[in-house]
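J.: here is my input, please return the structure:
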Amino acid sequence: MGYLKPMCGVNGAFAYRIDVPAPSRGEAIAVRDAMATRGPDGSGLWTSTDGRCLLGHRRLSIIDLDDRAVQPMTSRDGRYHIVFNGEIYNYAALRADALAAGRSLATTSDTETLLDLYELNGPAMLDHLRGMFAFAIWDTVAHSLFVARDPFGIKPLYYSDHGGTFRFASQVQALRAGGAIGTARDPAGVVGFMLMGSVPEPFTWYRDISALPAGHCMTIDADGVAMRRYVDPAKILAEGENAGINASAAINQMHHALRDSIAAHLTADVPVGLFLSGGVDSAAILGVAMEHAAQPIQAITLGFDEFEGMAEDEVPVAARIADYYGASHSVRRIGRDEFLGDLTDILTNMDQPSIDGINTWFVSKAAREQGLKVAMSGLGADELLGGYPSFTDIPNWRARYGKIARLPYASAAAGMAMRALAPRFLAANPKATGLLRYAGSLGGAYMVRRALRLPEDFNDLLDRDFVAQGLQRLAIVDRMNATLDPMPGSTHGAISLLETSFYMRNQLLRDADWAGMRHSIEIRAPMVDIALFRKVAPAIPHLKPGQGKQLLADTPAKPLPDWHRHRAKTGFNIPYDSWMSAIPGLIRKGEIVSSKGLLSREWSCYLLGHHNVE
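T.: Numbers count the residues shown, from 1 in each chain. The predicted structure follows:
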């Protein structure tokens with residue numbers, strides 16, 4: 001029997017400097033229990049013999065867990081202790097390798113497999129893992145703590161290193177619940193949110209808390225805290241592009257890799273459902289999943305009262321594709337009144353502010369109502385396969401505005417002329433001056449594409465010194481350009497890296513975590529997988545616009561039908577105009593609610609004033 005523990009909250013504290021007091025057991029319990037919604041079915045706490053390291057864990061049981069598999073877990077010889085949040089999809093193979101090598105394992109859990117792998121390989125064990133994870137391992141002999149986060153940042157891990165004590169947890173607000181961390185806001189985190197609609201890692205809403213970046217690990221011991229990056233998507237792309245695989249072979253490899261990833265993400269001891277929209281991504285995943293399913297996959301689609309009978313209504317298309325593949329389909333209809341009724345709960349559970357995530361909140365709620373605890377999502381396909389307008393917009397913008405943007409005086413003069421001579425055009429296209437200023441680099445053009453507002457457009461939203469400090473610390477364009485090192489050999493690869501490293505990681509994955517966790521739903525994203533990324537890398541430079549999504553449509557043995565694959569792109573959209581304009585005080589008097597962009601800016605202002613107000 002396997003052990004599946006999708007809902008977990010981990011935390012811990014280690015006083016690594018000998019001259020500071022041991023962390024409080026009461027503090028560790030407070031942090032742990034602030035994450036009760038991540039794991040309502042059980043909890044654990046382990047303390048080292050000297051009391052200087054504590055590890056906490058909250059869990060949700062999907063099946064009856066043997067007591068041997070609970071956490072914190074201790075290795076056979078008592079040397080190592082682990083708390084782990086996530087799923088290791090290749091753990092069965094890793095476990096089989098350990099048994100074949102003569103190693104003894106007491107459980108069939110992936111947690112024990114991690115412990116064994118660390119005992120054997122140390123930090124190099126990370127190179128063997130396929131999955132989503134955030135974990136911490138205490139070594140009683142070395143008196144050190146090792147923490148790590150998965151390559152794409154699917155699972156969160158936040159930490160505070162202050163005064164010789166290292167603290168960590170799965171949620172920002174949980175760390176604060178311990179009472180030992182300051183409440184001062186981080187200008188980079190707050191300004192980053194107002195700029196991009198989510199808080200860019202490694203920053204958080206608070207100055208004393210940081211996010212462990214995706215694909216990084218840390219070792220904490222008497223010498224202090226050392227961080228290193230153990231996987232770099234940019235280098236993987238460069239290696240793939242230089243592998244010398246021809247276009248045909250690379251595309252064929254990509255096709256098999258997509259199928260393999262979807263199959264791997266079905267590994268579970270309970271039914272795995274699917275969030276089904278009217279788009280290609282979730283439909284293709286459904287098609288492959290049904291090939292491996294012993295019973296029909298439970299597919300869930302959101303329907304909105306305001307969209308019923310309109311082109312925006314995805315229910316008819318989703319129902320038709322569910323029938324095409326023989327899935328079990330349920331529709332959950334939601335209206336404005338339910339949104340307003342859930343708003344307080346949404347704001348309370350939003351660990352850090354995000355302008356998105358409401359759709360994920362409701363589809364997770366619907367999945368929970370259907371008795372599911374695990375559901376797959378098409379998240380990540382657009383970033384990997386070029387499904388966003390950014391894949392065509394950014395190259396066009398660079399060609400049109402790049403030369404001007406690389407000449408500071410020319411871009412400033414052009415911006416002044418536009419403000420003076422074309423105010424109506426500027427009012428309708430508020431980012432136009434940003435292109436003249438920032439389109440000289442891919443990172444700059446990408447920032448303009450994704451930004452809610454430009455760095456110079458904060459007006460009186462925040463204190464000017466606070467904004468200046470935040471923008472300087474954030475250095476958002478430099479940070480985006482640094483992601484492209486080494487620079488991919490194709491524009492598709494570069495934009496894929498940017499979308500993956502910023503929009504997907506800081507917004508989509510984080511929204512999936514907090515919204516899914518609140519409803520005890522583990523959201524799995526087969527398109528966000530390091531093994532898939534490595535295999536797809538050689539094909540990236542060969543993809544033409546639109547080709548990637550058509551390859552995905554061809555992935556099931558029974559490909560998506562033509563009537564579906566050639567539809568306009570859709571997703572889990574919500575009725576922004578109706579819902580957001582109903583929130584008291586959201587839209588300023590006299591504003592015309594005419595675009596998602598306007599509403600996103602207003603929504604960010606609303607969240608600024610309502611997120612964990614001190």
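J.: show me where the stretch 151-300 of the chain has its strands.
T.: For the stretch 151-300 of the chain, the strands defined by DSSP state E, counting those that start in this stretch occupy 158-162, 165-169, 210-211, 216-221, 224-229, 273-275, 298-304.
J.: just the C-alphas of the second one, formatted as PDB.
T.: What follows is strand 165-169, C-alpha atoms only, in PDB (Å, rounded to 0.1, in the frame of the first residue of the first chain):
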ATOM      1  CA  THR A 165      18.000  31.700  14.400                       C
ATOM      2  CA  PHE A 166      16.600  30.300  11.100                       C
ATOM      3  CA  ARG A 167      12.900  29.800  10.800                       C
ATOM      4  CA  PHE A 168      10.900  28.300   7.900                       C
ATOM      5  CA  ALA A 169       7.300  27.500   7.000                       C
END
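J.: that strand pairs with which strands?
T.: strand 8-15 (antiparallel), strand 158-162 (antiparallel) (DSSP bridges).
J.: cool, and the longest one?
T.: Its sheet considered, strand 298-304 pairs with strand 273-275 (parallel), strand 328-334 (parallel) by DSSP bridges.
J.: show me what that strand is in contact with.
T.: Strand 298-304 has contacts (CB atoms under 8 Å, 6 or more residues apart in numbering) with 271, 273-277, 282, 286, 312-315, 318-319, 322, 327-335, 359, 362-363, 366-367, 370, 372, 375, 572, 574-575. Placement of C-beta: from N, CA and C, glycine included.
J.: give me that answer again for 7 Å
T.: Residues outside strand 298-304 that contact it (CB atoms under 7 Å, 6 or more residues apart in numbering): 271, 273-277, 286, 313-315, 318, 322, 327-334, 359, 362-363, 366-367, 370, 372, 572, 574-575.
J.: only the buried subset of the residues you listed, as a PyMOL command please.
T.: Per 16 or more other CB atoms under 10 Å, the buried members of those correspond to this PyMOL selection:
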select buried, resi 271+273+274+275+276+277+286+313+314+315+318+322+327+329+330+331+332+334+359+362+363+366+367+372+572+574+575
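J.: closest to Arg130 out of the strands paired with strand 165-169?
T.: Closest of those to Arg130 is strand 8-15, at 18.1 Å (criterion: CB to CB).
J.: starting at the chain centroid, how far to that closest one?
T.: Centroid separation between strand 8-15 and its chain, computed with CA atoms, centre = their mean, to the nearest Å, is 21 Å.
J.: ok, now stretch 519-526?
T.: On CA atoms, centre = their mean, the centre of stretch 519-526 falls 11 Å from that of its chain.
J.: now do the same end-to-end measure for it.
T.: Its first and final residues considered, stretch 519-526 spans 20 Å by CA to CA, to the nearest Å.
J.: tell me where the stretch 301-450 of the chain has helices.
T.: For the stretch 301-450 of the chain, applying DSSP state H, counting those that start in this stretch gives helices covering 315-325, 336-349, 358-369, 381-385, 390-405, 408-421, 423-428, 432-438, 442-450.
J.: and the ones you listed as TSV, adding mean pLDDT and distance to Asp161?
T.: Formatted as TSV, these follow (pLDDT from 0 to 100; distance: least, CB to CB, whole Å):
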stretch	mean pLDDT	distance to Asp161
helix 315-325	96	46
helix 336-349	93	26
helix 358-369	95	31
helix 381-385	95	31
helix 390-405	89	35
helix 408-421	59	38
helix 423-428	55	45
helix 432-438	83	33
helix 442-450	95	28
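J.: tell me which of those sits nearest to Leu258.
T.: Of all the helices of the stretch 301-450 of the chain, it is helix 381-385 that lies closest to Leu258, at 9.1 Å by CB to CB.
J.: quick one on the thing from earlier: of the strands of the stretch 151-300 of the chain, which is nearest Leu195?
T.: Closest of the strands of the stretch 151-300 of the chain to Leu195 is strand 210-211, at 16.8 Å (criterion: CB to CB).
J.: and the closest residue to Ser600 other than its chain neighbours, how many neighbours?
T.: Take Ser600 and drop its neighbours on the chain: the residue closest to it by CB to CB, 6 or more residues apart in numbering is Ile355, 5.0 Å away. A count of neighbours around Ile355, defined by other CB atoms under 10 Å, yields 22.
J.: which regions of the chain sit below the pLDDT cut-off?
T.: For the chain, applying pLDDT under 70 flags the ranges 1-7, 40, 60-69, 408-430, 569-572, 587-599, 612-614.
J.: how does it look with 50?
T.: Confidence mapping of the chain against pLDDT under 50 gives the ranges 1-6, 62-65, 589-595, 613-614.
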